[in-house]
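Peer 1: Here is the input, now give the coordinates:
(chains A and B)
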Amino acid sequence: MLAKRIIPCLDIKNGITVKGTNFVNLREAGDPVALGKAYSDQGADELVYLDITASFEGRKTFTDLVKRVASNLSIPFTVGGGINEIADVERLLGAGADKVSINSSAIKNPNLINEIAHNFGAQVCVVAIDAKKQLDGSWLCYLNGGRVKTDKELFAWAKEAADRGAGEILFTSMDHDGVKEGYANDALAHLADTLSIPVIASGGAGNMEHFKDVFSIGRADAALAASVFHFGEIKISELKSYLCANGITVRQ
Amino acid sequence: MKVAIVKYNAGNIYSVNYALKRLGIEADITDNKEALQAADRVIFPGVGEASTTMDYLRGHNLDELICDLKQPVLGICLGMQLMCKSSEEGNTSCLGLFDTDVVKFIPKSHEEKIPHMGWNTITKTNSDLFLGFDKPEFVYFVHSFYVPLNPYTAAQTGYTLPFSAALHKENFYATQFHPEKSGSVGEKILRNFIDLKND
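Peer 2: Coordinates of the predicted model:
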């Protein structure tokens, strides 16, 4: 049976992991390759590396990092951040990334999704969406890391992205992100009903039960988290034993 | 031991090369006829679309070359599909090494998303590629088309229906999943391929 995936996300600035890491006994805590390898050894199914550097120099550093990740890791990984055109995708896939994640650039230029899918296959194209529930109950998408509100409605945009050739949707609920009180399971379940491509849930993981809920109630295909893993609050091997004991298929 | 990777417009050539390097193997990425024929092992990777890839192979005379190879050959993902008779993807006529056709997944319920993407188990393994496997193991898949069960099926996986996760016939081996992305299990499979005893 196809397993539900657990995906740690690493934010990279100037080639090192940010958001702090207090991995016990890991000497190069800030080294994204060492950290990725540690997660892989613990049983992570995939990794996401997000480049949060904006400069040209930083981008070059990130590409070099992607090469190091690809040569050292034997599990798939997605890269995102600063991808605006096909040339960026080509550079990152050429460096060894398995998938790319596009967010603001997809909203600004939806055709980029078609281009990526056409040139490299749908499985390469992850469309990330940051959205927030409005007072009237609707969900609207945001640009630039949540700083700019758009008039795009979450479910319609996710459907459009899928129709244009996205291979997966990575959905972050801005209200749940960082709060550690669980994922946005209602919106996720609605996405699962709307889409015929896999959904990666992001934002809100605080304990192991939240992962069980996002798979059973939110019906997500994969769950992404950062701080609970970086700070060692949840160990991936223990999380997988817990999910397995609760009847959820995971790779162990 | 000389290992060659067929150089063509496939997406995962470098991932396969990295995986071999982790096993301590320096492979030659080449489309040179003599180099491919002289290698002890040939890996035929593949991520892409069937018809454009077959056109490329034919345009570079790699189609006949691959079919005539006598040493162990390992096709991966699209590589495996191209070793079959034909593919529904772009209605493509393929290499025909395995007498079976490649068809598209038809989901039986909304929960069955296409592509089949992620970690799934392989069972009923019956090839030396899986030497030492004594229980179902998880490996990484990404594909929308599949090879039905047939006399050459060397491992099975279930998604919408049981299908061929691997094929084997004479010196030709193939996996639908990506051993180069399947962690330690994938490494074991690549190692088994390298260590195959030549007939």
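
Peer 1: Look at B:Leu167 and give its secondary structure.
Peer 2: Under DSSP: H, G, I helix; E, B strand; the rest coil, B:Leu167 falls in the strand class.

Peer 1: Identify the bridge partners of it.
Peer 2: B:Thr153, B:Ala174 (DSSP bridges).

Peer 1: okay, now it: neighbour count?
Peer 2: 27 (other Cβ atoms under 10 Å in any protein chain shown). Bear in mind the C-beta positions are built from the backbone N, C-alpha and C, glycine included.

Peer 1: Correct me if wrong: it contacts B:Pro151.
Peer 2: No - contact criterion Cβ atoms under 8 Å: B:Leu167 and B:Pro151 do not qualify, at 9.7 Å.

Peer 1: residues contacting the nearest residue to A:Ser74 once chain neighbours are set aside?
Peer 2: Once flanking residues are discounted, A:Ser74 sits nearest to B:Gly183: 5.1 Å by Cβ to Cβ, 6 or more residues apart in numbering or on different chains. Residues near B:Gly183 by Cβ atoms under 8 Å, 6 or more residues apart in numbering or on different chains: A:Ser40, A:Ser74, A:Ile75, B:Tyr140.

Peer 1: neighbour-wise, which of those residues leads?
Peer 2: Most surrounded of the contacts of B:Gly183: other Cβ under 10 Å gives B:Tyr140, at 26 neighbours.

Peer 1: where exactly do the strands run in chain B?
Peer 2: B:3-6, B:28-30, B:41-44, B:73-76, B:84-87, B:92-93, B:98-104, B:116-122, B:137-143, B:145-146, B:153-159, B:161-169, B:172-175 (DSSP state E).

Peer 1: Can you say which of these is nearest to A:Val79?
Peer 2: strand B:137-143 (16.1 Å; Cβ to Cβ).

Peer 1: Pull up the pairing partners for that closest one, direction included.
Peer 2: With DSSP bridges as the test, strand B:137-143 pairs up with strand B:116-122 (antiparallel).

Peer 1: Can you tell me what sits against the strand it pairs with?
Peer 2: A:1-3, A:5, A:45, A:123, A:167-168, A:198, A:221-222, A:251, B:105, B:130, B:133, B:136-144, B:146, B:155-160, B:165-166, B:177, B:182.

Peer 1: Whichever of those residues end up buried, select them in ChimeraX.
Peer 2: The ChimeraX selection below is limited to those of the contacts of strand B:116-122 classed as buried (16 or more other Cβ atoms under 10 Å in any protein chain shown):
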select /A:2,3,5,45,123,167,168,198,221,222,251 /B:105,130,133,136,137,138,139,140,141,142,143,144,146,155,156,157,159,165,166,177,182
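
Peer 1: tell me which residues in stretch A:90-98 are buried?
Peer 2: With burial defined by 16+ other Cβ under 10 Å, the residues of stretch A:90-98 counted as buried are A:Arg91, A:Leu92, A:Leu93, A:Ala95, A:Gly96, A:Ala97, A:Asp98.

Peer 1: Model confidence score at the fifth one, please.
Peer 2: With respect to pLDDT, A:Gly96 has a value of 92.

Peer 1: what's the closest non-adjacent residue to it?
Peer 2: Computed as Cβ to Cβ, 6+ apart, the closest residue to A:Gly96 that is not its neighbour in sequence is A:Ala70, at 2.4 Å.
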